[in-house]
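Undergrad: Test case, fold it:
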Amino acid sequence: METKEIMNSLMTDYGLDALAALLHELANEKGFWDGEKTDDKFGMKLALAHSEITEVLEAMRKSQGSEKIVEEIADTIIRLLDIYAAMRNENVVMHSLDEVLENKINKNKERPRLHGNRF
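TA: Just a heads-up that it's a prediction; the model follows:
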């Protein structure tokens with residue numbers, strides 16, 4: 001089975017927890033998690049995820065096209081899922097992203113327009 005097929009299968013058959021584990025394994029293999037996993041390292045990784053969001057904005061601002069914008073969104077998702085899996089492996093978080101996401105979506109369905117805020 002090719003990587004693309006494995007990814008698609010993980011997302012549809014097993015959810016984000018399984019995809020996160022696979023992405024984290026790949027990040028480990030590529031050296032992105034060498035050394036001890038400390039709060040400082042998690043903080044740095046979150047800052048890098050934030051930088052990916054900024055790259056989405058820059059791609060939009062510079063009219064770099066749909067594919068570049070979506071690529072930067074994908075980078076953001078990859079980084080966040082990688083961080084989540086690392087935190088789960090280190091028992092920083094114990095909850096399933098799949099379960100919490102489903103609960104959050106259902107909660108948001110019941111919230112008022114703009115969740116009661118002005119914007």
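
Undergrad: rest of the way, CA atoms for contacts and neighbours
TA: OK.

Undergrad: centroid residue for the chain?
TA: With distances taken as Cα atoms, centre = their mean, residue 80 lies nearest the centre of the chain, 2.7 Å away.

Undergrad: can you list contacts of the helix or strand residue 98 falls within?
TA: Counting by DSSP states H and E, the element that carries residue 98 is helix 97-109. Identification of contacts with helix 97-109 by Cα atoms under 8 Å, 6 or more residues apart in numbering yields 15, 16, 17, 115.

Undergrad: ok, now with 10 Å
TA: Helix 97-109 has contacts (Cα atoms under 10 Å, 6 or more residues apart in numbering) with 14-18, 20, 81, 84-85, 88, 96, 114-115.

Undergrad: One more: stretch 28-36?
TA: Contact with stretch 28-36 is made by 22, 23, 24, 25, 26, 27, 41, 42, 45, 82, 83, 86, as judged by Cα under 10 Å, 6+ apart.

Undergrad: Tell me how far the fifth one lies from residue 19.
TA: Spelled out, it's residue 26. In this view, residue 26 and residue 19 are 11 Å apart by Cα to Cα, to the nearest Å.

Undergrad: The two: which has the busier surroundings?
TA: residue 19 (22 against 13; other Cα atoms under 10 Å).

Undergrad: So the more buried one is in contact with residue 4, correct?
TA: No - counting by Cα atoms under 10 Å, residue 19 sits too far from residue 4 to count as a contact (11.7 Å).
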